[in-house]
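Student: Quick one, what's the 3D model for this:
(chains A and B)
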Amino acid sequence: GAVVSQHPSWVICKSGTSVKIECRSLDFQATTMFWYRQFPKQSLMLMATSNEGSKATYEQGVEKDKFLINHASLTLSTLTVTSAHPEDSSFYICSARAQGQGNSGEQYFGPGTRLTVT
Amino acid sequence: GQNIDQPTEMTATEGAIVQINCTYQTSGFNGLFWYQQHAGEAPTFLSYNVLDGLEEKGRFSSFLSRSKGYSYLLLKELQMKDSASYLCAVRDSWGPRGGGYQKVTFGTGTKLQVIP
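Tutor: Below you'll find the predicted structure:
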(Lines give C-alpha, C1' and ligand atoms only; values in the text may rest on other atoms or scores of the structure.)
Protein backbone atom coordinates (compact mmCIF):
# COMPACT_ATOMS: atom_id res chain seq x y z
CA GLY A 1 0.00 0.00 0.00
CA ALA A 2 0.88 3.66 -0.22
CA VAL A 3 3.29 4.80 2.46
CA VAL A 4 4.07 8.33 3.50
CA SER A 5 6.93 9.11 5.84
CA GLN A 6 7.72 12.21 7.84
CA HIS A 7 10.97 13.32 9.35
CA PRO A 8 11.59 14.09 12.10
CA SER A 9 8.90 12.38 14.14
CA TRP A 10 9.43 14.84 16.95
CA VAL A 11 11.53 17.94 17.44
CA ILE A 12 12.19 20.41 20.22
CA CYS A 13 13.55 23.80 19.26
CA LYS A 14 14.16 27.15 20.86
CA SER A 15 11.98 30.14 20.21
CA GLY A 16 13.19 32.12 17.21
CA THR A 17 14.78 29.23 15.37
CA SER A 18 13.51 27.53 12.21
CA VAL A 19 12.51 23.92 11.81
CA LYS A 20 12.15 21.92 8.60
CA ILE A 21 9.82 18.94 8.35
CA GLU A 22 10.05 16.52 5.44
CA CYS A 23 7.20 14.54 3.93
CA ARG A 24 7.98 11.75 1.51
CA SER A 25 5.80 9.39 -0.48
CA LEU A 26 7.80 6.18 -0.46
CA ASP A 27 6.17 3.98 -3.06
CA PHE A 28 4.10 6.30 -5.19
CA GLN A 29 4.31 9.66 -6.86
CA ALA A 30 2.31 12.40 -5.20
CA THR A 31 1.25 15.30 -7.35
CA THR A 32 -0.49 16.90 -4.40
CA MET A 33 0.54 17.02 -0.78
CA PHE A 34 -1.36 18.55 2.11
CA TRP A 35 -0.06 19.96 5.37
CA TYR A 36 -2.23 19.86 8.45
CA ARG A 37 -1.81 21.05 11.99
CA GLN A 38 -3.54 19.49 14.95
CA PHE A 39 -3.67 20.98 18.41
CA PRO A 40 -4.49 18.75 21.41
CA LYS A 41 -8.04 17.43 21.40
CA GLN A 42 -8.83 19.24 18.17
CA SER A 43 -9.27 18.04 14.63
CA LEU A 44 -6.90 18.43 11.74
CA MET A 45 -6.75 21.91 10.30
CA LEU A 46 -5.55 22.20 6.73
CA MET A 47 -2.70 24.67 6.48
CA ALA A 48 -1.80 24.47 2.82
CA THR A 49 -2.02 22.42 -0.34
CA SER A 50 1.10 21.97 -2.39
CA ASN A 51 1.33 20.80 -5.96
CA GLU A 52 4.61 19.62 -7.39
CA GLY A 53 6.43 22.37 -9.19
CA SER A 54 4.10 25.19 -8.22
CA LYS A 55 3.48 27.49 -5.30
CA ALA A 56 1.51 26.20 -2.37
CA THR A 57 -2.03 27.37 -1.72
CA TYR A 58 -2.42 28.52 1.86
CA GLU A 59 -5.60 28.46 3.89
CA GLN A 60 -6.98 31.64 5.29
CA GLY A 61 -5.15 32.72 8.40
CA VAL A 62 -1.98 30.73 7.67
CA GLU A 63 1.05 32.96 7.14
CA LYS A 64 2.86 31.86 4.02
CA ASP A 65 6.03 33.70 5.02
CA LYS A 66 6.12 31.85 8.31
CA PHE A 67 5.25 28.40 7.02
CA LEU A 68 7.36 27.85 3.93
CA ILE A 69 6.35 24.93 1.76
CA ASN A 70 8.43 23.45 -1.01
CA HIS A 71 7.22 20.62 -3.22
CA ALA A 72 10.22 20.18 -5.47
CA SER A 73 9.62 16.61 -6.58
CA LEU A 74 6.81 14.09 -6.89
CA THR A 75 7.94 12.34 -3.73
CA LEU A 76 9.03 15.14 -1.41
CA SER A 77 7.44 18.16 0.20
CA THR A 78 8.95 20.19 3.01
CA LEU A 79 7.40 22.51 5.56
CA THR A 80 9.69 25.02 7.26
CA VAL A 81 8.42 26.78 10.34
CA THR A 82 10.41 29.98 10.45
CA SER A 83 11.10 31.94 13.64
CA ALA A 84 9.15 29.43 15.66
CA HIS A 85 7.30 30.52 18.78
CA PRO A 86 5.75 28.46 21.58
CA GLU A 87 2.28 28.89 20.05
CA ASP A 88 3.56 27.00 16.98
CA SER A 89 3.94 23.89 19.12
CA SER A 90 1.63 21.36 17.56
CA PHE A 91 1.32 18.06 15.72
CA TYR A 92 2.06 18.61 12.04
CA ILE A 93 0.79 15.96 9.65
CA CYS A 94 1.27 15.70 5.92
CA SER A 95 -0.77 13.69 3.49
CA ALA A 96 -0.36 12.85 -0.15
CA ARG A 97 -2.61 12.02 -3.03
CA ALA A 98 -1.21 9.72 -5.67
CA GLN A 99 -0.69 10.80 -9.24
CA GLY A 100 -3.59 9.86 -11.47
CA GLN A 101 -5.91 9.14 -8.58
CA GLY A 102 -8.19 12.00 -9.47
CA ASN A 103 -11.50 12.18 -7.71
CA SER A 104 -11.55 8.64 -6.39
CA GLY A 105 -8.47 8.89 -4.31
CA GLU A 106 -7.95 8.94 -0.65
CA GLN A 107 -5.21 10.80 1.05
CA TYR A 108 -2.39 8.83 2.62
CA PHE A 109 -1.20 10.35 5.85
CA GLY A 110 2.29 10.51 7.23
CA PRO A 111 2.89 9.58 10.87
CA GLY A 112 3.09 13.19 11.97
CA THR A 113 5.76 15.41 13.51
CA ARG A 114 5.36 16.71 17.03
CA LEU A 115 6.95 20.14 17.34
CA THR A 116 7.65 21.67 20.72
CA VAL A 117 9.00 25.21 20.84
CA THR A 118 10.53 26.24 24.14
CA GLY B 1 -17.28 26.89 3.27
CA GLN B 2 -18.22 23.76 5.12
CA ASN B 3 -19.93 22.88 8.37
CA ILE B 4 -19.33 19.36 9.65
CA ASP B 5 -20.97 18.06 12.81
CA GLN B 6 -20.38 14.83 14.67
CA PRO B 7 -20.81 13.88 18.31
CA THR B 8 -17.89 14.66 20.56
CA GLU B 9 -17.82 11.42 22.50
CA MET B 10 -19.47 8.01 22.53
CA THR B 11 -19.15 4.93 24.69
CA ALA B 12 -20.00 1.39 23.61
CA THR B 13 -19.52 -2.13 24.91
CA GLU B 14 -17.09 -4.66 23.53
CA GLY B 15 -18.83 -6.93 21.02
CA ALA B 16 -21.63 -4.47 20.38
CA ILE B 17 -22.44 -2.27 17.38
CA VAL B 18 -22.01 1.50 17.34
CA GLN B 19 -23.10 4.09 14.81
CA ILE B 20 -21.29 7.41 14.54
CA ASN B 21 -23.21 10.09 12.68
CA CYS B 22 -21.90 12.98 10.65
CA THR B 23 -23.87 15.81 9.10
CA TYR B 24 -22.40 18.33 6.74
CA GLN B 25 -23.23 21.39 4.70
CA THR B 26 -21.19 22.13 1.62
CA SER B 27 -21.57 23.67 -1.81
CA GLY B 28 -19.37 21.46 -3.97
CA PHE B 29 -19.63 18.01 -2.41
CA ASN B 30 -17.23 15.52 -3.95
CA GLY B 31 -16.85 12.70 -1.47
CA LEU B 32 -16.87 11.88 2.21
CA PHE B 33 -14.17 10.06 4.13
CA TRP B 34 -13.99 8.39 7.49
CA TYR B 35 -10.67 8.14 9.29
CA GLN B 36 -9.61 6.50 12.53
CA GLN B 37 -7.09 8.28 14.70
CA HIS B 38 -5.50 6.89 17.84
CA ALA B 39 -4.14 9.39 20.31
CA GLY B 40 -0.83 10.84 19.20
CA GLU B 41 -0.94 9.15 15.83
CA ALA B 42 -1.86 10.20 12.32
CA PRO B 43 -5.28 9.30 10.89
CA THR B 44 -5.75 6.07 9.00
CA PHE B 45 -8.23 5.72 6.16
CA LEU B 46 -11.38 3.70 6.81
CA SER B 47 -13.84 4.44 4.04
CA TYR B 48 -14.86 6.66 1.16
CA ASN B 49 -18.37 7.43 -0.11
CA VAL B 50 -19.23 9.58 -3.07
CA LEU B 51 -22.56 8.03 -4.10
CA ASP B 52 -25.59 7.39 -1.92
CA GLY B 53 -25.71 4.08 -0.15
CA LEU B 54 -23.77 1.75 2.04
CA GLU B 55 -20.16 0.75 1.63
CA GLU B 56 -19.13 -2.29 3.64
CA LYS B 57 -15.60 -3.22 4.52
CA GLY B 58 -15.29 -5.97 7.08
CA ARG B 59 -16.45 -4.80 10.50
CA PHE B 60 -16.77 -1.24 9.24
CA SER B 61 -19.54 0.17 7.04
CA SER B 62 -20.21 3.71 5.94
CA PHE B 63 -23.43 5.17 4.65
CA LEU B 64 -24.06 8.35 2.69
CA SER B 65 -27.15 10.36 1.83
CA ARG B 66 -26.17 13.35 -0.25
CA SER B 67 -29.65 14.86 -0.27
CA LYS B 68 -29.68 14.89 3.53
CA GLY B 69 -26.04 15.85 3.97
CA TYR B 70 -25.67 12.86 6.23
CA SER B 71 -23.30 9.97 6.74
CA TYR B 72 -22.70 7.39 9.39
CA LEU B 73 -19.92 4.99 10.24
CA LEU B 74 -21.04 1.64 11.61
CA LEU B 75 -18.66 -0.46 13.64
CA LYS B 76 -19.67 -4.04 14.38
CA GLU B 77 -18.29 -6.57 16.84
CA LEU B 78 -16.50 -3.84 18.71
CA GLN B 79 -13.05 -4.58 20.03
CA MET B 80 -11.09 -2.73 22.69
CA LYS B 81 -8.60 -1.60 20.04
CA ASP B 82 -11.42 0.29 18.32
CA SER B 83 -11.19 2.91 21.07
CA ALA B 84 -10.05 5.95 19.08
CA SER B 85 -11.28 9.15 17.50
CA TYR B 86 -13.25 8.82 14.30
CA LEU B 87 -13.01 11.72 11.90
CA CYS B 88 -15.57 12.56 9.24
CA ALA B 89 -14.04 14.52 6.36
CA VAL B 90 -15.77 16.10 3.40
CA ARG B 91 -14.21 16.99 0.09
CA ASP B 92 -15.27 20.08 -1.80
CA SER B 93 -14.48 20.62 -5.43
CA TRP B 94 -14.82 23.73 -7.51
CA GLY B 95 -13.52 25.19 -10.73
CA PRO B 96 -13.30 23.65 -14.21
CA ARG B 97 -13.00 19.91 -14.70
CA GLY B 98 -9.44 18.70 -14.91
CA GLY B 99 -8.14 21.96 -13.56
CA GLY B 100 -10.38 22.47 -10.62
CA TYR B 101 -9.62 22.73 -6.95
CA GLN B 102 -10.31 20.33 -4.16
CA LYS B 103 -10.18 20.64 -0.43
CA VAL B 104 -10.86 18.13 2.31
CA THR B 105 -12.18 19.51 5.57
CA PHE B 106 -12.22 17.44 8.74
CA GLY B 107 -14.83 17.39 11.43
CA THR B 108 -13.76 17.67 15.04
CA GLY B 109 -13.93 13.91 15.48
CA THR B 110 -15.87 11.54 17.71
CA LYS B 111 -13.93 9.99 20.54
CA LEU B 112 -15.15 6.42 20.96
CA GLN B 113 -14.47 4.52 24.13
CA VAL B 114 -15.04 0.78 24.07
CA ILE B 115 -15.61 -0.72 27.50
CA PRO B 116 -15.53 -4.39 28.54
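
Student: make it CA atoms for all contacts and neighbour counts henceforth
Tutor: OK.

Student: got the residues of chain B near chain A?
Tutor: When proximity is defined by Cα under 8 Å from any Cα of the partner chain, chain B lies next to chain A at B:30, B:33, B:41-45, B:48, B:87, B:105-109.

Student: so what's residue A:69 closest to, chain neighbours aside?
Tutor: Nearest residue to residue A:69 in three dimensions, chain neighbours excluded: residue A:79, at 4.6 Å (Cα to Cα, 6 or more residues apart in numbering or on different chains).

Student: helix/strand/coil for residue A:87?
Tutor: Look at residue A:87: counting by DSSP: H, G, I helix; E, B strand; the rest coil, its state is helix.

Student: Check the spacing between it and residue A:39 real quick.
Tutor: According to Cα to Cα, to the nearest Å, residue A:87 stands 10 Å off from residue A:39.

Student: Compare these two (neighbour count), which wins?
Tutor: residue A:39 (13 against 10; other Cα atoms under 10 Å in any protein chain shown).

Student: thought the more buried one was touching residue A:93?
Tutor: No - Residue A:39 is not in contact with residue A:93 according to Cα atoms under 8 Å; the separation is 11.0 Å.

Student: Spatially nearest residue to residue A:97 (excluding sequence neighbours)?
Tutor: Leaving aside its sequence neighbours, residue A:97 sits nearest to residue A:107 (Cα to Cα, 6+ apart; 5.0 Å).

Student: Give me the number of neighbouring residues for that neighbour.
Tutor: So residue A:107, with other Cα under 10 Å, has 22 neighbours.

Student: need the contact list for it.
Tutor: Taking Cα atoms under 8 Å, 6 or more residues apart in numbering or on different chains, we find residue A:107 in contact with A:95-98, B:45.

Student: try 6 Å this time
Tutor: For residue A:107, the contact set (Cα atoms under 6 Å, 6 or more residues apart in numbering or on different chains) comprises A:95-97.

Student: Which of those has the largest number of neighbours?
Tutor: Within these, residue A:96 tops the neighbour count with 32 neighbours, counted by other Cα under 10 Å.

Student: Could you name the specific helix or strand carrying the residue nearest to residue A:69?
Tutor: Assigned by DSSP states H and E, residue A:79 belongs to strand A:76-81.

Student: Partner strands of the helix or strand that that strand is followed by, with direction?
Tutor: Note on strand A:76-81: by DSSP H and E, the next helix or strand toward the C-terminus is strand A:90-98. For strand A:90-98, the paired strands and their directions (DSSP bridges) read strand A:30-38 (antiparallel), strand A:108-109 (antiparallel), strand A:113-117 (antiparallel).
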